[in-house]
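A.B. asks: Test case, fold it:
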Amino acid sequence: MTADLLDTTIRRYAWGSTTALAHLAGRPPTGEPEAELWMGAHPATPSRIDRGRGPEPLDAVIARDPAAELGPRTADRFGPRLPFLLKLLAADHALSVQVHPSTAQAEAGYAAEDAAGLPLDDPRRIYRDRSHKPELICALGEFDALCGFRDPRASAELWQRLDLPVLAPWIATLRTAPAGTALRTVLTAALTEDRARGEQAAAELPAAMRKLVDSGDPDAATWAACLDAARDYPGDPGILAALLLNHVRLGPGQALYLDAGVPHAYLRGLGVEIMANSDNVLRCGLTPKHVDTAALAEVVDFRPTAPRRAPAVPTGPGELEFRTPAAEFALSRIELGTPATVVVEDDGPQILLCVRGTARLDDGPDSGSDPGPALAPGESAYVPAASGPLRLTGDATVFRARVPRER
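C.D. replies: Sure, this is the predicted structure:
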């Protein structure tokens, strides 16, 4: 059983880039936002494969024979479903400030919304499955993000430089209250109890941030990133949530890991993203979508948290794995060229994504094997557990998603 080329779907969210995915694939832009390219078996947008019976959704193929497709190790641990979802993410505008639940929170939330009779497609619905959603983003170029709460006293000093009287009560709270209390108080007040103040601050912030950018403030990069987010969502008090978070700028090949409870937002850039196969998101702001502040307060970890970069560890010739504690996924980057051939083998399912050059995928370690498919940038292949060794050749950059052994 060889690798299957994936027929994938682009999600056209308003924050998406109109050019990045097209340029990567070497095709003309459509003029429409192209935000995410999904590769996997999520029931909302499963990829399709064709094994001679016509195109079929990957989730249906896996359900028909999970032992062969996933292998006993993965099927026994996660059931008859691919436990990860791989994406190309291309942002020209800020995504919402958001947080993902733990498994226990997701199970309880899903049951409660089911009991309340909320359909899965109801815009008020938060929990669309019973899973947590740890995720990893690896930048393909310069990539801006916000991740984890900054120490509230550091935020107070940062906010003080804005010279906005409307922020004075919250600056005092950030300076004097215990860290968790300060962050919870300011965030929930800006979104609900004192929303009028939050909206006033959102209206005044762009000019104040612009002044600091132009003055060469030491944190000009943070101000510029948040200024862009404020322009994307004018008047949204969620900008105050953004201003409580650490600003992170990833360079090409650098990766950021996000666990349950950690507030974050992707701002600009192109990256490879992998996550548990879930769609559970609670939003804190910078969005026209539903914000449930009470549910949010139960899920957000209000402790100051430094951004968690994922180290890249060599695992074989030409291959670096981005190490995380996630049970559902492992992501690595393979550079073909030196060496020109890499053999990959695993007892679970894999997805291979090409982002540069052309990579040939052949069965077995020997050059005499039957020729397999070739991947160009933006193309991907699913490798079932029953495939055995797979030989990658060419001059290319390929990302490899798989299920790690128990950690």
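A.B. asks: Okay, helices next: where are they in the protein?
C.D. replies: Per DSSP state H, the chain carries helices over the ranges 20-25, 58-64, 66-78, 103-115, 152-160, 168-176, 179-188, 195-214, 220-232, 238-242, 293-299.
A.B. asks: measure the closest residue to L243 other than its chain neighbours to C147 for me?
C.D. replies: Nearest residue to L243, sequence neighbours excluded (CB to CB, 6 or more residues apart in numbering): C226, at 5.8 Å. Using the backbone N, CA and C atoms, a C-beta is placed for each residue, glycine as well. Going from C226 to C147 by CB to CB, to the nearest Å gives 13 Å.
A.B. asks: Show me which of these two is the more surrounded one.
C.D. replies: C226 (26 against 22; other CB atoms under 10 Å).
A.B. asks: how far away is the more buried one from P57?
C.D. replies: Applying CB to CB, the value for C226 to P57 is 40 Å.
A.B. asks: ok, now which ones touch the nearest residue to T358 once chain neighbours are set aside?
C.D. replies: Distance criterion CB to CB, 6+ apart; nearest residue to T358, sequence neighbours excluded, is G394 at 5.1 Å. Taking CB atoms under 8 Å, 6 or more residues apart in numbering, we find G394 in contact with L336, G337, A340, G357, T358, A359, R360, A374.
A.B. asks: For those, which entry has the maximal number of neighbours?
C.D. replies: In these, the most neighbours by other CB under 10 Å go to A359, 26 neighbours.
A.B. asks: What pLDDT is listed against it?
C.D. replies: A359 is assigned a pLDDT of 96 by the prediction.
A.B. asks: and the gap between it and R175?
C.D. replies: Taken as CB to CB, the span from A359 to R175 is 54 Å.
A.B. asks: And for V344?
C.D. replies: Taking CB to CB, one finds V344 at 53 Å from R175.
A.B. asks: out of the two, which sits in the more crowded spot?
C.D. replies: V344 (20 against 15).
A.B. asks: Now that one. Nearest residue, chain neighbours left out?
C.D. replies: In this structure, V344 finds its nearest non-sequential neighbour in L390, 5.3 Å apart by CB to CB, 6+ apart.
A.B. asks: tally of neighbours for that neighbour?
C.D. replies: Per other CB under 10 Å, the neighbour tally for L390 reads 24.
A.B. asks: So it is in contact with V383, correct?
C.D. replies: Yes: taking CB atoms under 8 Å as the definition, L390 is a contact partner of V383 at 6.0 Å.
A.B. asks: How is this structure partitioned into domains?
C.D. replies: Under automatic domain parsing, the residue ranges defining each domain of the chain are 8-145+250-287, 151-241, 312-402.
A.B. asks: Using JSON lines, please lay out the ones you listed together with distance to F302.
C.D. replies: As requested, those are exported to JSON lines (distance: least, CB to CB, whole Å):
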{"stretch": "domain 8-145+250-287", "distance to F302": "9"}
{"stretch": "domain 151-241", "distance to F302": "4"}
{"stretch": "domain 312-402", "distance to F302": "21"}
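A.B. asks: Of those domains, which is nearest A294?
C.D. replies: Nearest to A294, of all these, is domain 151-241, at 8.7 Å by CB to CB.
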